[in-house]
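Undergrad: need a structure here:
(chains A and B)
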Amino acid sequence: MTRYPRWKFFLLLAALVVCGLYALPNLYPDAPAIQISHADAGGEVNEMTRQRVLSALDTAGLQHGPGETVGTSLLVRLSDTEAQLRARELASETLGDNYVVALNLAATTPDWLRSIGASPMNLGLDLRGGVHFLLQVDMDAVVSSRMEAWAGNAKLTLRDAGVRYRNVDVDGTTLTVTFADQVAADAARAPLRQALDKFTMKPAGDGPETVLVLNDSALKEMQDYAVDQNRTALNKRVNELGVAEAVVQRQGADRIVVQLPGIQDASQARRILGRTATLEFRLVDNGVSAARLRTGMAPPGLEFFPFKGQEGRIVALNKSKIATGDQVIDARMGFDQQSGSPEVNVTLDADGAKRMQRITGKNVGNPMGVLFIETKTDVKKVEGDDGKMMDKMISTTDKYVINVATIQDTLGSRFRITGLDNPAEASELALLLRAGSLAAPVSIVEERTVGPSLGAENIEAGLKSMALGLALVLVFMIAWYKLFGIIANVALLGNLVIIIGIMSLIPGATLTLPGIAGIVLTVGMAVDANVLIFERIKEDLRRGLNPRQAIEEGYARAFTTILDANITTLIVAVILFAAGTGSVQGFAVTLFIGILTSMFTAIIGTRAMAEMIYGRGARAPAKLSI
Amino acid sequence: MSKATMNINFMGARKPLGILSLLLVVASVVLLVTRGLNLGLDFTGGTTVVVKSPVDVELSQARADLAASGFTDAVVQHYGSPKEVNVRVAPKDGANADEVGYDVFAALKLHNEELELLKVEFVGPQVGDELRDESGTAMLLALGLMMIYVWFRFSNKFGVATVVALFHDVIIVLGIFSLVQWPFDLTVLAAVLALIGYSLNDSIVVADRIREDFRNSRQNEPEKIINSAVNATFSRTINTSLTTLLVLVALYFFGGEVMRAFSEALLVGVFVGTYSSIYVVSNILFMMKVSKEDFLIPEPEEIEEMP
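TA: Predicted structure coming up:
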């Protein structure tokens, strides 16, 4: 037989079989479906609901599957995306507010393929439609709110230590504590240093004051925490929407990407995601006179807020927070057993519970208020330092009290919010609390919506151009290189199978339209390695080498050139991936994989085939078909 | 059999083509400075709305409807077919920048009930600015790394020559984009970066051969050696460009509107890249007086695993 190492044949065969197997599921594209789940977490969709939905679909004359149970929700397959949209409307109308109906995709991959973990490639939003958001976390708000808390902490520490101070000022990441005299300033140093260990104490200035600057590492930690907390909260909200394969990812220092495939109603998604609401539980101070409330000038330690829905009613709240929305781990709507009025049952995390217990224990009989904070962000033109007009994100925050209730008893990790007007309001508050409030306001800096029909068109166009380009290249190669052209073509097709297999295997890889462009381009450039080799072989034949020597020499001498040429393209792909976002990354991934696999198939693959045809075992060929 | 070997005197036209390259680069720079690029949404920020209608859309009517809703600065264009329209509006101050897209759609829908919303894209101005800076950095980084790689693998003269060729290609392609005012967005940027890879690929194949010929031949006359190296690799250069072009043409005609600008950039790029791998690289090598001495270092590494 041939002297060409046998393991290379096996490697080739193994790569082809494995990648082929994992590429197979792409022949079974996901089918459009609607997913129905109960609005309350944990609620199930029962048989009666299933019948109601199916009969509604039948009445409308929509073709549909029998409906299968996936976890606690119901998945109904539909014939196409148009029927899917229609079906969602119908199902929402039929079932009302107690259910969430989301667009989804149902896998059609056969079980035996699924059992080995094979699944189709993830398709990008540009190929199947959906909404993409890029959210910016407002870091200034994070910093200023935490600095306020630390200022409060400093005051508390000084009070506990019995040191009299005049004022605690916050400026950016700096706290300045002013004292009446130098003695007090000196006495304050030790307790302050201990209580505010994330700050660096600056040498005192002229007056009796102490300046504390937040450490950079603490600042970064704080920002990381805020972004991560927001990501978690957004993730919960997306889950509440019931979207399959949604993506919530951090991007860079202060941004979060949210992708909702299949969602068409961007405004609905935006309402839920962009609602940068948070809640705070604070003590109410009833000792403030009505006249004082009207002036709007709150005494130290207090803040005035309007009461939602009650014109002119002002509530005085304590500045310090008992608990905040991000400490809520569960919230459910319920009804008071005696009065039958709606309420929300809240469960706090350990930290929140501890504070709640401590503070409510001392304040039984006093009222506690729930403050609702909502932030909207607009882009405004402002005059920059250089006199030029520039765009600036300006956030406006609305704060109002939504509920005041008397503390009946020491509250622990569980308590109720009562006094809500109607069940709808209670259910919305529960959802908002459950979905977790955002640690910092976010604003949408980028939004892309692609309709499903455009997605389908994009796929079709991508595949069509790929097929045509491939066909043209195949014909050209045969016309120019004859038998060797056929060898190169087989390698090229094998290359495609391997690319698709690898793309399907990598969990995070997503095929986008630029990704298809990347594959198409690899098809064009993949033959380059073979063209190089074949031209070398031709040249060697002209130099008078015998066919076998020519093959040997051709492959050997072209190899370093191919390596040099491809490594440079790999570098480009890596840079594209590192520096790019979304679509550019999609292109980079396919380009990268394409170059690697094409080197593999074009060098090892074609050589193996050439050896089989003109190998040492066979009679020495007098002529090569090249 | 040596009759079949090509022997075109490529280097004969070296000087006039060098001047042509120089002129093209200067013209491109002038165009870029005076006219600029028709930057897409990714880079400028703003809102793009693509709609589809069952009947042909009158652009003037659409513009009037938009103006009536306050979008006087909207850019309204047909998108692929007269039934599809692309509307771009600049970032707007005032409320809810991210809802502008739906206002645009509502305005267009006034005179066309059946209108279908295909795509809405909103990109905040901040993202736009950042992307522009990041992309510029990415491109320079790519070029820088290329230079280091070639320097390392070949010699400093080749490093300079190939990178000058890359700058030459990128500037001319950008110049053409500026001249024709094709929209330049992120996908086109990906194409330009891919072009860097492609063009370098081409240059390296030629450079590899030049190095080989310098080492193997006894004579030391750069013009002859480069000429024979270009000749030896010429059919490969043409064939590879051809297969790539075939695919790009397919992409251009059938890839849909989104892929058009991408394929345009690469179509132009393949021509410029092929040309530069032959003429620009060799011209620079001549200017730097490349000689046999540049390759005297023994071939550093024989790669063990030959195919």
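
Undergrad: quick one, what contacts A:Pro32?
TA: By C-beta atoms under 8 Å, 6 or more residues apart in numbering or on different chains, A:Pro32 lies in contact with A:77-81, A:83-84, A:103-106. C-beta: built from backbone N, CA, C; applies to glycine.

Undergrad: where does it land in three-state SS?
TA: Secondary structure, DSSP: H, G, I helix; E, B strand; the rest coil: A:Pro32 is strand.

Undergrad: so what's it bridging to?
TA: A:Leu105 (DSSP bridges).

Undergrad: separation between it and chain B?
TA: Distance, A:Pro32 to chain B, using C-beta to the nearest C-beta, to the nearest Å: 17 Å.

Undergrad: try A:Ser339
TA: 40 Å.

Undergrad: thinking again about what came up before, among the contacts of A:Pro32, name the ones in strands.
TA: In this view, the contacts of A:Pro32 that belong to strands under DSSP state E are A:77, A:103-106.

Undergrad: which among those gets closest to chain B?
TA: Chain B lies nearest to A:Leu103 out of the ones in strands among the contacts of A:Pro32, by C-beta to the nearest C-beta, at 15.4 Å.

Undergrad: how many neighbours does that closest one have?
TA: By the measure other C-beta atoms under 10 Å in any protein chain shown, the count of residues near A:Leu103 is 26.

Undergrad: That one contacts A:Arg88, correct?
TA: Yes - assessed by C-beta atoms under 8 Å, A:Leu103 is found in contact with A:Arg88 at 5.9 Å.

Undergrad: which residues are common contacts for these two?
TA: Residues touching both A:Leu103 and A:Arg88 by C-beta under 8 Å, 6+ apart: A:Ile34.

Undergrad: Show me the two of the ones in strands among the contacts of A:Pro32 that sit farthest apart.
TA: Greatest spatial distance in these: A:Arg77 and A:Leu103, 12.1 Å, computed using C-beta to C-beta.

Undergrad: State the distance from the spatially most central residue of chain B to B:Ala138.
TA: Note on chain B: the residue nearest the mean C-alpha position is B:Val192, at 3.1 Å, using C-alpha atoms, centre = their mean. Remark: distance between B:Val192 and B:Ala138 (C-beta to C-beta, to the nearest Å) = 10 Å.

Undergrad: who in the stretch 351-500 of chain A is up against chain B?
TA: Residues of the stretch 351-500 of chain A lying close to chain B by C-beta under 8 Å from any C-beta of the partner chain are A:378-381, A:391, A:393, A:443-451, A:453-454, A:457-458, A:461-462, A:464-466, A:468-470, A:472-473, A:476-477, A:480.

Undergrad: Just the ones of the residues you listed in helices?
TA: Mapping these onto helices (DSSP state H) picks out A:453-454, A:457-458, A:461-462, A:464-466, A:468-470, A:472-473, A:476-477, A:480.

Undergrad: now the residues you listed: which count as buried?
TA: A:453-454, A:457-458, A:461-462, A:464-466, A:468-470, A:472-473, A:476-477, A:480 (16 or more other C-beta atoms under 10 Å in any protein chain shown).

Undergrad: packing partners for the longest helix along chain B?
TA: The longest helix of chain B (DSSP H) is helix B:222-254. Where contact means 3 or more C-beta pairs under 8 Å, 6 or more residues apart in numbering or on different chains; DSSP states H and E, helix B:222-254 is packed against helix A:452-505, helix A:513-542, helix B:186-216, helix B:257-287.

Undergrad: Try it again at 10 Å.
TA: helix A:452-505, helix A:513-542, helix A:547-579, helix B:14-34, helix B:186-216, helix B:257-287 (3 or more C-beta pairs under 10 Å, 6 or more residues apart in numbering or on different chains; DSSP states H and E).

Undergrad: Pull out the buried residues from it.
TA: B:222, B:225-237, B:239-252, B:254.

Undergrad: cool, stretch A:247-261 as well?
TA: For stretch A:247-261, the neighbour count (16+ other C-beta under 10 Å) marks A:247-248, A:254-261 as buried.

Undergrad: now stretch B:269-288
TA: For stretch B:269-288, burial by neighbour count (16+ other C-beta under 10 Å) applies to B:269-270, B:272-286.

Undergrad: Stretch A:336-352 now?
TA: Quick answer for stretch A:336-352 (16+ other C-beta under 10 Å): A:342-348, A:352.

Undergrad: Equivalent analysis for stretch A:113-123, please.
TA: The neighbour-count check on stretch A:113-123 (16+ other C-beta under 10 Å) flags A:113, A:118-123 as buried.
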